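Novice: Following is a predicted model, sequence given first.
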There are 2 protein chains.
Amino acid sequence: MQPRAHVTLEDVARAADVSLATASRALNGMRVTPQLRDRVLAAAEKLAYTPNAHARALAGASHRTVGVICHDVTDPYFAAIAGGVMRVAGDNDLLVMLASTFRDPEREIAYVSMLRAERAPAILLIGSGFEDARWERALEAELKPYLDGGGRVAVVSRHRSLKVDSVLPENRAGAAAMARALLDLGHRRFAVLSGPRALTTVADRLGGFRDELAKAGVALAPTDIVEGPFTRDGGYGAMSELLARGSTATCVFALTDVMAIGACAALRDHGLSVPGDISVSGFDDIPIVRDLTPALSTVALPLQRLGEKAMELALTENNGRRRRLLRMGGEVVLRGSTAKVGS
Amino acid sequence: MQPRAHVTLEDVARAADVSLATASRALNGMRVTPQLRDRVLAAAEKLAYTPNAHARALAGASHRTVGVICHDVTDPYFAAIAGGVMRVAGDNDLLVMLASTFRDPEREIAYVSMLRAERAPAILLIGSGFEDARWERALEAELKPYLDGGGRVAVVSRHRSLKVDSVLPENRAGAAAMARALLDLGHRRFAVLSGPRALTTVADRLGGFRDELAKAGVALAPTDIVEGPFTRDGGYGAMSELLARGSTATCVFALTDVMAIGACAALRDHGLSVPGDISVSGFDDIPIVRDLTPALSTVALPLQRLGEKAMELALTENNGRRRRLLRMGGEVVLRGSTAKVGS
DNA sequence: ACCGGCCCTGAATGCGCTTTCAGTAAGCGC
DNA sequence: GCGCTTACTGAAAGCGCATTCAGGGCCGGT
């Protein structure tokens, strides 16, 4: 038998010798005489029928695929959060569409637009916003009509002007706590490995760290801050740059664990020991840092739970009022990569 | 102005005072008088119009979202491959839908089914198949009609009976090469940390390793093989089990780097040093293993390229003939986690 | 000035499905 | 046995868009 390009409901109905309407009802579990239902189901089975999701969505049936947009799926930070999202989605019998923007704002807008077009019931934005008015307006222009059309949106991390449900990691206070912990270890000369300034996460973490240092009378000079991409290689490069500048810091704070990992590699390659010659700490507590040698000191975020909460927010009604889940995580975890100064 | 739930093309056409057809053509860049086009574009902009992807797909326009199904996005192995897929997809102006089955065969089928329903132009299966006849039949039953309907499918890793384009990592020969390398280091007593037997990848890697050992007259007893999940904790558990059994192996081969990482952690927790007390090697060469201490010896796979190739296969015509990209990677990379025996 | 031909526009059709609406047969009370 | 309710089934409308088919300007050619 030459297979047809697409088996349609009409084919099934014809094979079962019933009407389109009956076939549809039988397949969707509505009230139909058992005998007819069996005929329809058998026909569908035999023809390997798969309903056309587009036609179905167009005809009004809501569909069950939510969209998740993150910056980079290869980054363990996002992977862990996405894992949490998927767990909850799975429990709710939802399919998850994971998109990766690779930190290209344009692409982020494009993905939102396409998810809108797909009429996804919910869109999750994982990862901080950009502090860029033009981008914010564009994103808002996409999201507004989506929300008005009944779409649900939730974000993890701070987006300045988005009036949507948010899960907010304790970036500022966490960084401040880390500053205190590091000060307590006796450090007075610090350096920071930063990510792109335009990210709200960078602003929050850097601000929290610097302000806390300032409270203790320790200044952070502009030259003590090196900016690089939020990647392992970005951390490696930033650390190398710092070394090249002849930094005298006894402790380096990387704004993410991934950067910290790169920094440790750079230090190792330069023959410096961690924490013997220099202490290193990160932020996020991605799973792998426990298995490094030395294990990385960091500010812990409950990554999986961040994702779970975001999905839950998107799944429950908010009555048009923005909800915020604050103070998620932010505990300092001191491991082997930081030591008392001079010890 | 009270926003409508959905702005449709008809709204735009009305606002621009043109026909539906003209509005459609203007939006899709077909020949339309500049003046009319501008009117349409302006109206669309003002109304924040987004075409309904379902209606568009239904009306025949092919859409540009390919599906990628992997076992676990939080696993760096899959993340790296997915990264490659996305790179090529991005170059071709395609959107990528990443799904994670969490190694649930049922869910894998469900995702394929839903991608079929979405009429995705291509489906990529990343991750080895299960050696389970029932599952294979079910998957084939989903894929066959999809392929007949013009869908494109490509897989990374071996699927016993799937007649689709494949990218095949050099699992068997790679494992054999690792066996030789380890033998060359003087090891004679081995243990293997294995994953679920039902995975073809496990069969290939385990088989390649064991056979090569056998060639050298070294036997691998059933008790030298411990099975666990393909996760960090799975590796930790398997290694602990091995230790509890009082293994005398001088070298442990984990079937994946992720398991090897867990194994190293277990060893560390038991006060054993790597490679001093015992050598450890993995498989995959995921990016992080370079940054471990000691760096992990492993069999390198060009993960990103695996993904790129799979996407390329799915994007190019195969004239109905199955193509296979063989011998991808498989180079042994000896780093610090393996040492000469007795040294 | 007239006609053929070209290009652009608009009306209409259909993609595959869900759902309303009307219709028919069966079941019940009287 | 007749009329009415109940329970399914089938015909048909329409979801939003791309596209075909005709029709109507406008051009150049003669």
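Specialist: Arrived safely.
Novice: contacts for stretch A:19-28?
Specialist: A:9-10, A:12-13, A:16, A:18, A:31-32, A:36-37, A:40-41, A:43-44, A:51 (Cβ atoms under 8 Å, 6 or more residues apart in numbering or on different chains). The C-beta positions use only the backbone N, C-alpha and C, and glycine is treated the same way.
Novice: Mark which of those residues are part of helices, please.
Specialist: In helices, judged by DSSP state H, the following of the contacts of stretch A:19-28 are found: A:Leu9, A:Glu10, A:Val12, A:Ala13, A:Ala16, A:Leu36, A:Arg37, A:Val40, A:Leu41, A:Ala43, A:Ala44.
Novice: Any chance of a PyMOL selection covering the buried ones in those?
Specialist: A single PyMOL command is used to select the members of those judged buried by 16 or more other Cβ atoms under 10 Å in any protein chain shown:
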select buried, chain A and resi 9+12+13+16+36+37+40+41+43+44
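Novice: In the stretch 201-343 of chain A, mark out all the strands, start to finish.
Specialist: A:225-227, A:251-254, A:279-281, A:298-300, A:324-328, A:331-333 (DSSP state E, counting those that start in this stretch).
Novice: partners of the second one, with directions?
Specialist: By that I understand strand A:251-254. strand A:190-194 (parallel), strand A:279-281 (parallel) (DSSP bridges).
Novice: which stretch among these comes nearest DNA strand D?
Specialist: strand A:190-194 (43.0 Å; Cβ to the nearest atom of the strand).
Novice: what's the spacing between the closest one and its chain's center?
Specialist: Distance of strand A:190-194 from the chain centroid (Cα atoms, centre = their mean, to the nearest Å) equals 23 Å.
Novice: one step back: can you list the strands of the stretch 201-343 of chain A in TSV and add mean pLDDT?
Specialist: Converted to TSV, these look like this (pLDDT from 0 to 100):
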stretch	mean pLDDT
strand A:225-227	97
strand A:251-254	98
strand A:279-281	98
strand A:298-300	98
strand A:324-328	78
strand A:331-333	96
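Novice: Export those to TSV and append columns for mean neighbour count.
Specialist: As requested, the strands of the stretch 201-343 of chain A are exported to TSV (neighbours: other Cβ atoms under 10 Å in any protein chain shown):
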stretch	mean neighbour count
strand A:225-227	20
strand A:251-254	31
strand A:279-281	27
strand A:298-300	26
strand A:324-328	14
strand A:331-333	18
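Novice: Okay, the residue of the stretch 151-300 of chain A found nearest chain B and B:Ala266: tell me how far apart.
Specialist: Distance from chain B to each residue of the stretch 151-300 of chain A (Cβ to the nearest Cβ) is smallest for A:Thr293, at 3.7 Å. Note on A:Thr293: its distance to B:Ala266, by Cβ to Cβ, to the nearest Å, is 14 Å.
Novice: what does A:Gly271 give?
Specialist: A:Gly271 sits 30 Å away from B:Ala266, going by Cβ to Cβ.
Novice: In terms of neighbours, single out the busier of these two.
Specialist: B:Ala266 (22 against 7; other Cβ atoms under 10 Å in any protein chain shown).
Novice: Can you tell me the closest non-neighbouring residue to that one?
Specialist: In this structure, B:Ala266 finds its nearest non-sequential neighbour in B:Met239, 3.8 Å apart by Cβ to Cβ, 6 or more residues apart in numbering or on different chains.
Novice: And for A:Arg323?
Specialist: A:Asp165 (4.8 Å).
Novice: Count the neighbours of the residue of the stretch 151-300 of chain A found nearest DNA strand D for me.
Specialist: Using Cβ to the nearest atom of the strand, the closest approach of the stretch 151-300 of chain A to DNA strand D is made by A:Gly151 at 14.0 Å. Other residues near A:Gly151 number 20, with proximity taken as other Cβ under 10 Å.
Novice: Next, the contact list for it, please.
Specialist: By Cβ under 8 Å, 6+ apart, the contact list for A:Gly151 reads A:Arg116, A:Ala120, A:Pro121, A:Ala122, A:Ile123.
Novice: and if you look at A:Ala191?
Specialist: A:Ala191 is in contact with A:Asp224, A:Ile225, A:Val226, A:Leu242, A:Ser247, A:Ala249, A:Cys251, A:Val252, A:Phe253, counting by Cβ under 8 Å, 6+ apart.
Novice: how close does the first one get to B:Thr298?
Specialist: From A:Asp224 across to B:Thr298, the span is 37 Å (Cβ to Cβ).
Novice: cool, and A:Arg327?
Specialist: Distance from A:Arg327 to B:Thr298, by Cβ to Cβ: 40 Å.
Novice: Now do the closest residue in space to A:Ala15 that isn't next to it in sequence, the pLDDT please.
Specialist: Nearest residue to A:Ala15, sequence neighbours excluded (Cβ to Cβ, 6+ apart): A:Ala43, at 3.9 Å. Per-residue pLDDT puts A:Ala43 at 90.
Novice: what does the one 4 residues further on give?
Specialist: Note for A:Leu47: predicted pLDDT of 88.
Novice: Need the phi and psi values for the residue lying closest to it once chain neighbours are set aside.
Specialist: Distance criterion Cβ to Cβ, 6+ apart; nearest residue to A:Leu47, sequence neighbours excluded, is A:Val7 at 4.7 Å. For A:Val7, the backbone dihedrals (degrees, to the nearest 10) come out as phi -80, psi 120.
Novice: Might one say that A:Val7 is in contact with A:Lys46?
Specialist: No - contact criterion Cβ atoms under 8 Å: A:Val7 and A:Lys46 do not qualify, at 9.7 Å.
Novice: Between the two, which has more neighbouring residues?
Specialist: Neighbours of A:Val7 and A:Lys46, each counted by other Cβ under 10 Å, are more numerous for A:Val7; the result is 22 against 12.
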